[in-house]
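Asker: Let's see this in three dimensions:
(one chain, ligands or ions: 2)
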Amino acid sequence: MQKQSRIYIAGHRGLVGSAILAALKSRGYNNLITRTHRELDLTNQDAVAAFFSSEKPEYVFLAAAKVGGIIANNSYRGEFIYDNLMIQNNVVHQSYLNDVKKLMFLGSTCIYPKNAPQPMKEEYLLTDVLEYTNEPYAIAKIAGIKLCESYNLQYGTNFISVMPTNLYGPNDNFDLEKSHVLPALIRKIHLGDALAKDNWDVIRNDLNTRPVNGITGESPRDQIVQILAQHGVYRSTESESGIAVEVWGTGKAMREFLWSEDMADACVYIMENCDFGDLVSTAGTGSTRQNQIRNTHLNIGTGQDISVKDLAFLVREVLNANVEFSFDTEKPDGTLKKLTDVSKLQSLGWKYKVELQEGIGRVYNWYSQEIKEKSTGISC
Ligand SMILES: NC(=O)C1=CN([C@@H]2O[C@H](COP(=O)(O)OP(=O)(O)OC[C@H]3O[C@@H](n4cnc5c(N)ncnc54)[C@H](OP(=O)(O)O)[C@@H]3O)[C@@H](O)[C@H]2O)C=CC1
Ligand SMILES: C[C@H]1O[C@H](OP(=O)(O)OP(=O)(O)OC[C@H]2O[C@@H](n3cnc4c(=O)[nH]c(N)nc43)[C@H](O)[C@@H]2O)[C@@H](O)[C@@H](O)C1=O
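Answerer: Residues are numbered from 1 along each chain as shown. Ligands and ions are numbered 1, 2, ... in the order given. Take a look at the predicted model:
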């Protein structure tokens, strides 16, 4: 990529897209193309075709998708499969028709079988059944990998698929129902600590920044207490601090977390240094060659994981919060372990930098700062 190349970042306001946009800007790329969801609905075939033919991007980062945590994936199954298939079909196909030089498709590690051997190598794709809670999303993502691979093989395109582990960072989704575990725990523990201290300014500012089911910081206290309890933050005589924060599932599920800016760094690094041809260049002949071509996607992760229970303890420690935890075993655990094997990416020369504890501190600072700015109207 040249500094003046026309680079389209689809999903530039999201967790990953915003980090990719910042990473490109900081490296001096100066011809960046963005559209919000409202400006360009990527599920709309005609709109996407018109956009590509007028903007003619040379490089594409496809970080737009329907994304959510375990309950959102399980509840909105139709939307997760339809939106993601439509977005990726439209963007990948128009990239081919408009001679895009290189495209990066973002998948997810949930493409691997539920009981895949650990750590999960790229070659474990399509070797067994998927985790049911996110099967529609995973099937859409697998279709995206195969779309890129098939276009590369038939049309000679240069489309690369990466499979990131669970990500976190600024601009994440902190919705208490639809978000992923790390932002959900940060927010619940933040609110629980404020409730323990009877710090209503903190609670009200949080709800004014992100209302919960229509309840804002201006709502009466009893309604606020009720809505927090519905989302697993409540007063409890059984806990020492007087506050319980509910953790979904047994707490035994293991997850691997990567800081979003590290993820963006990896994406730009791969786009700058790696082509589809490099990923198949070591392919042999016959069935060996076919197996190699089948597994040209790249895992992106840290190679380290933590149980959900220990994650809750770690978040509490970083936030210095005074809450106890209860476990809602009616909620699903999902895949019990999904640790990425990152040896392929490391052999290409990339490794993560930000450790989980540091990242949690950084994202909490971002979260607190955003609440401060929105509640005072003063931008720092
Ligand atoms: N978050 C995670 O832990 C992980 C994410 N990934 C993958 O990384 C990618 C980015 O995820 P993440 O940043 O977390 O997601 P976010 O939900 O934070 O952002 C998604 C972005 O997609 C845009 N978008 C969604 N639907 C449409 C649409 N129909 N038309 C146009 N734009 C749309 C949104 O636009 P707008 O802001 O304008 O509404 C938003 O900017 C996805 O492919 C996801 O599957 C993979 C593994 C883990
Ligand atoms: C990125 C990834 O994200 C999703 O898969 P997931 O990793 O299962 O998602 P999650 O972050 O929501 O949960 C991780 C674990 O954490 C537990 N958990 C505890 N307490 C809360 C909680 O309060 N909220 C949430 N969301 N989870 C909680 C939860 O029960 C589970 O055991 C899919 O989109 C998948 O397709 C995908 O790609």
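Asker: Residue 140 and residue 80 touch, don't they?
Answerer: Yes. Contact criterion Cβ atoms under 8 Å: residue 140 and residue 80 qualify, at 6.8 Å. Bear in mind the C-beta positions are built from the backbone N, C-alpha and C, glycine included.
Asker: Smallest gap between the stretch 251-380 of the chain and ligand 1, at which residue?
Answerer: residue 260 (7.5 Å; Cβ to the nearest ligand atom).
Asker: any idea how far the nearest residue in space to that residue that is not next to it in sequence lies from ligand 2?
Answerer: Leaving aside its sequence neighbours, residue 260 sits nearest to residue 169 (Cβ to Cβ, 6 or more residues apart in numbering; 2.9 Å). Here residue 169 is placed at a distance of 13 Å from ligand 2 (Cβ to the nearest ligand atom, to the nearest Å).
Asker: sorry, back to before: got a list of what the residue of the stretch 251-380 of the chain closest to ligand 1 touches?
Answerer: Shown in contact with residue 260 (Cβ atoms under 8 Å, 6 or more residues apart in numbering): 15-16, 18-19, 167-172.
Asker: just residue 324 next, same as before
Answerer: So residue 324 contacts 236, 238-241, 243-245 (Cβ under 8 Å, 6+ apart).
Asker: Return only those of those found close to ligand 2.
Answerer: Contacts with ligand 2 within those, as defined by Cβ under 6 Å from any ligand atom: none are present.
Asker: most surrounded residue in the residues you listed?
Answerer: residue 245 (31 neighbours; other Cβ atoms under 10 Å).
Asker: who's that residue bridged to?
Answerer: Counting by DSSP bridges, residue 245 forms beta bridges with residue 233, residue 325.
Asker: Would you quantify the distance from the residue of the chain found nearest ligand 1 to residue 370?
Answerer: Closest approach between the chain and ligand 1, counting by Cβ to the nearest ligand atom: residue 14, at 2.1 Å. Distance, residue 14 to residue 370, using Cβ to Cβ, to the nearest Å: 15 Å.
Asker: Closest to the mean position in this structure, which residue would that be?
Answerer: The centroid of the chain falls nearest to residue 167 when counting by Cα atoms, centre = their mean (4.6 Å).
Asker: Please state the backbone phi and psi of that residue?
Answerer: phi -120, psi 160 (degrees, to the nearest 10).
Asker: Output the helix-or-strand element of the chain with minimal mean pLDDT as PDB - backbone C-alpha positions only.
Answerer: When the helices and strands of the chain are compared on mean pLDDT, DSSP states H and E, helix 286-294 comes out lowest with a mean of 72. Provided in PDB are the C-alpha atoms of helix 286-294 (Å, rounded to 0.1, in the frame of the first residue of the first chain):
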ATOM      1  CA  GLY A 286      -1.900 -33.100  -4.800                       C
ATOM      2  CA  SER A 287      -3.900 -33.400  -1.500                       C
ATOM      3  CA  THR A 288      -1.100 -31.600   0.400                       C
ATOM      4  CA  ARG A 289      -1.500 -28.600  -1.900                       C
ATOM      5  CA  GLN A 290      -5.200 -28.600  -1.500                       C
ATOM      6  CA  ASN A 291      -5.000 -28.800   2.300                       C
ATOM      7  CA  GLN A 292      -2.600 -25.800   2.300                       C
ATOM      8  CA  ILE A 293      -4.800 -23.700   0.100                       C
ATOM      9  CA  ARG A 294      -7.800 -24.600   2.300                       C
END
